[in-house]
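1. just to be clear, the model below is a prediction. Sequence and coordinates:
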Amino acid sequence: MSNQLAIHTEGLTKHYGSVRALVDLNLDIQAGEVFGFLGPNGAGKTTMIRTILDEIRPTNGRASILGLDTHDDAIQIRRQIGYVPGDLAMYPRLTGRDTLTYFANLRGGVDWSHVDELAERLNADLSKKVSNLSSGNRQKVGLIQAFMNKPKVLIMDEPSSGLDPLVQRELQKMMRDVANEGNTVFLSSHTLSEVQRVGDRVGIIRHGRLVAVESVSDIRSKAVRRVELELDGQAEASVFERVPGVREVNVENDHVIMSFEGDMGALLKTTAEHYKVVDIHTQEADLEEIFLAYYRDEDSAI
């Protein structure tokens, strides 16, 4: 694939009357990455997806997928993407395989051995009518239709909805497979652990505005860790409180527990100057805590 951007938006804006669902969104997503688009329900995630898929027209701005204008070249784009909508709807009287045959015919045919492989990976029963499937098993059919044409760009809106944890893990592997082949996954989610496991970069959206775009590793490196030290003698809080990034120091005899955001080397050096370390345990903040911190920071800035 060329170096062209997989998804590009410029000033993308969508108003519904007085409601500003999407505000001046500028975003570049590279080929070969899994990009997580995070925000609570109502933040603007689905509006962004429906706009770049030309299901709704933007109030202002423009977007392209694979270098093609999302409005002018919508039909050509559809041939090269896979899409899992958040409100997946299928014909209830068709079986799963009938449903996939319908989509395959729309796309000019697919490799059915690949479809069978996807069904096996997701443990999907394609023989039953859609009306007889649970929401999770309907979701599996929707996922297969999105992956089955080996898309260059895979756009998914809350794709793990209704799936059990084992199937979620397999879906995450499938997403990584797509990216490893040089193609792109745009994953809209509020399931933060999912993005943490598979995402390369994360965009955080709040009230229709993009408030941050960072790599998952960078976000995690900024995370506040919980550090617990066991020392060879009575600990003193003042020793640790002067280390940059240390806060909330709790001392109980030879045990110290603190919140820490900074260079672990500096903390360990200071500790070693005063004590012998018997044991150390650190726990990274979950991406969810980091995500909520972004929202708290934004709220405090208003």
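-> Done, it's in.

2. could you dump stretch 125-133 to PDB, C-alpha only?
-> Output of stretch 125-133 as PDB, limited to C-alpha atoms (Å, rounded to 0.1, in the frame of the first residue of the first chain):
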ATOM      1  CA  ASP A 125     -23.200 -20.900  13.600                       C
ATOM      2  CA  LEU A 126     -24.200 -19.700  10.100                       C
ATOM      3  CA  SER A 127     -27.000 -22.200   9.600                       C
ATOM      4  CA  LYS A 128     -29.600 -20.600  11.900                       C
ATOM      5  CA  LYS A 129     -32.000 -17.900  11.000                       C
ATOM      6  CA  VAL A 130     -30.900 -14.400  12.200                       C
ATOM      7  CA  SER A 131     -34.200 -14.200  14.200                       C
ATOM      8  CA  ASN A 132     -33.100 -17.300  16.200                       C
ATOM      9  CA  LEU A 133     -29.700 -15.900  17.100                       C
END
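
3. for the residue positioned nearest the centre of the chain, phi and psi?
-> Most central in the chain under CA atoms, centre = their mean is residue 36, positioned 2.7 Å from the mean C-alpha point. Phi and psi for residue 36, reported as degrees, to the nearest 10, are phi -90, psi 130.

4. again with residue 29
-> According to degrees, to the nearest 10, residue 29 has phi -120, psi 130.

5. I figured residue 254 hits residue 236, correct?
-> No. Shown here, residue 254 and residue 236 do not form a contact pair, counting by CB atoms under 8 Å, at 11.1 Å. C-beta: built from backbone N, CA, C; applies to glycine.

6. still on that earlier bit, so the residue nearest to the centre of the chain touches residue 201, yeah?
-> Yes. Judged on CB under 8 Å, residue 36 makes contact with residue 201 at a distance of 7.1 Å.

7. touching both of those two, which residues are there?
-> Residues touching both residue 36 and residue 201 (CB atoms under 8 Å, 6 or more residues apart in numbering) are residue 216.

8. all strands of this structure, in order?
-> Using DSSP state E, the strands of the chain run over 7-16, 19-29, 34-38, 60-65, 68-69, 81-84, 153-157, 184-189, 201-206, 209-215, 225-231, 246-252, 255-260, 277-283.

9. nearest to residue 140, of these?
-> strand 81-84 (10.7 Å; CB to CB).

10. using PDB, write down the CA coordinates of the closest one.
-> Below are the C-alpha coordinates for strand 81-84, written out as PDB (Å, rounded to 0.1, in the frame of the first residue of the first chain):
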ATOM      1  CA  ILE A  81     -13.700  -1.100   3.300                       C
ATOM      2  CA  GLY A  82     -15.400  -3.200   5.900                       C
ATOM      3  CA  TYR A  83     -17.900  -1.700   8.300                       C
ATOM      4  CA  VAL A  84     -19.600  -2.900  11.500                       C
END
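
11. packing partners of that strand?
-> helix 135-147, strand 153-157 (3 or more CB pairs under 8 Å, 6 or more residues apart in numbering; DSSP states H and E).

12. neighbouring strands - and their directions - for that strand?
-> When sheet partners are counted by DSSP bridges, strand 81-84 sits next to strand 153-157 (parallel).

13. hmm, who's touching the strand it pairs with?
-> Residues contacting strand 153-157 (CB under 8 Å, 6+ apart): 6-7, 45-46, 49, 52-53, 65-66, 80-86, 146-147, 175, 178, 183-188.

14. where does the stretch 51-200 of the chain dip in pLDDT?
-> Applying pLDDT under 70 to the stretch 51-200 of the chain flags no residue at all.

15. wait, what's in contact with the closest residue to residue 22 other than its chain neighbours?
-> Closest residue in space to residue 22, ignoring its immediate chain neighbours: residue 14 at 4.1 Å, by CB to CB, 6 or more residues apart in numbering. Shown in contact with residue 14 (CB under 8 Å, 6+ apart): 20, 21, 22, 47, 51, 56, 58, 59, 208.

16. try residue 125
-> Residues in contact with residue 125, defined by CB under 8 Å, 6+ apart, are 96, 133, 137.

17. give the closest residue to the first one in space, chain neighbours not counted.
-> Yep, that's residue 96 we're talking about. residue 126 (3.6 Å).

18. can you get me a residue count around that neighbour?
-> 19 (other CB atoms under 10 Å).

19. can you check residue 8 too?
-> 19.

20. for it, give me its contacts.
-> Applying CB under 8 Å, 6+ apart, one finds that residue 8 lies in contact with 27, 28, 29, 63, 64, 65.

21. do the same with residue 52
-> Taking CB under 8 Å, 6+ apart, one finds 7, 9, 12, 63, 65, 70, 155 in contact with residue 52.

22. could you flag which of the contacts of residue 14 are buried?
-> Among the contacts of residue 14, those scoring as buried are 20, 21, 22, 47, 51, 58, 208 (criterion: 16 or more other CB atoms under 10 Å).
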